[in-house]
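# Next input, structure requested:
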Amino acid sequence: MATPPSDPQVVKRQRKSAPIKFLIPLIYAPVLPLIRLSLRHRPVLRDRLFTGVLVGAFAHGFYLVTDLYDIESK
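This is a model prediction of the structure:
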């Protein structure tokens, strides 16, 4: 097993890909209209599912802009 270098100036490499939490709106955007279109014959289920997904989207956005996200990423 190799031991890590003892050099105190070792720099941690940053990930170059975008974090998945910032890509979630790209999923919400097409899902909301698809819910409205595909479930138009079942209005109760359509409205409940649409509301649930919309609440989830707002909760996710709220999580990202609050201090809770900053504490977790540090």
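
# Could you pull out the helices in this structure for me?
20-23, 25-38, 43-65, 67-73 (DSSP state H).

# Which one of these lies nearest to Gln9?
helix 67-73 (23.1 Å; CB to CB). For the C-beta atoms, the positions are set from N, CA and C on the backbone; glycine is no exception.

# Low-confidence bits of the chain, can you list those?
Low-confidence segments of the chain, defined by pLDDT under 70: 1-8, 10-18, 68-74.

# ok so, going back, possible to save the helices of the chain as a markdown table with distance to Gln9?
Listed next are those as a markdown table, based on distance: least, CB to CB, whole Å:
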| stretch | distance to Gln9 |
| --- | --- |
| helix 20-23 | 30 |
| helix 25-38 | 38 |
| helix 43-65 | 33 |
| helix 67-73 | 23 |
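
# can you redo the ones you listed as TSV with mean neighbour count?
Formatted as TSV, the helices of the chain follow (neighbours: other CB atoms under 10 Å):
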stretch	mean neighbour count
helix 20-23	10
helix 25-38	12
helix 43-65	12
helix 67-73	9
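
# Contacts only, for Phe50.
Leu32, Ile35, Arg36 (CB atoms under 8 Å, 6 or more residues apart in numbering).

# The last one against Leu45, yeah?
This means Arg36. No. When contacts are counted by CB atoms under 8 Å, Arg36 is not listed as touching Leu45 (11.6 Å).

# Setting aside sequence neighbours, what's the nearest residue to Arg40?
Once flanking residues are discounted, Arg40 sits nearest to Arg46: 6.6 Å by CB to CB, 6 or more residues apart in numbering.

# if I pick that neighbour, what's in contact with it?
Applying CB under 8 Å, 6+ apart, the residues near Arg46 are Ile35, Arg36, Leu39, Arg40.

# Backbone dihedrals for the third one, both of them.
Leu39 adopts backbone torsions of phi -110, psi 30, taken as degrees, to the nearest 10.

# now the nearest residue to it once chain neighbours are set aside: how far from Asp67?
The shortest distance from Leu39 to any non-neighbouring residue, by CB to CB, 6+ apart, is to Arg46 (3.7 Å). According to CB to CB, to the nearest Å, Arg46 and Asp67 sit 36 Å apart.

# I'm done for today, thanks for sticking with me.
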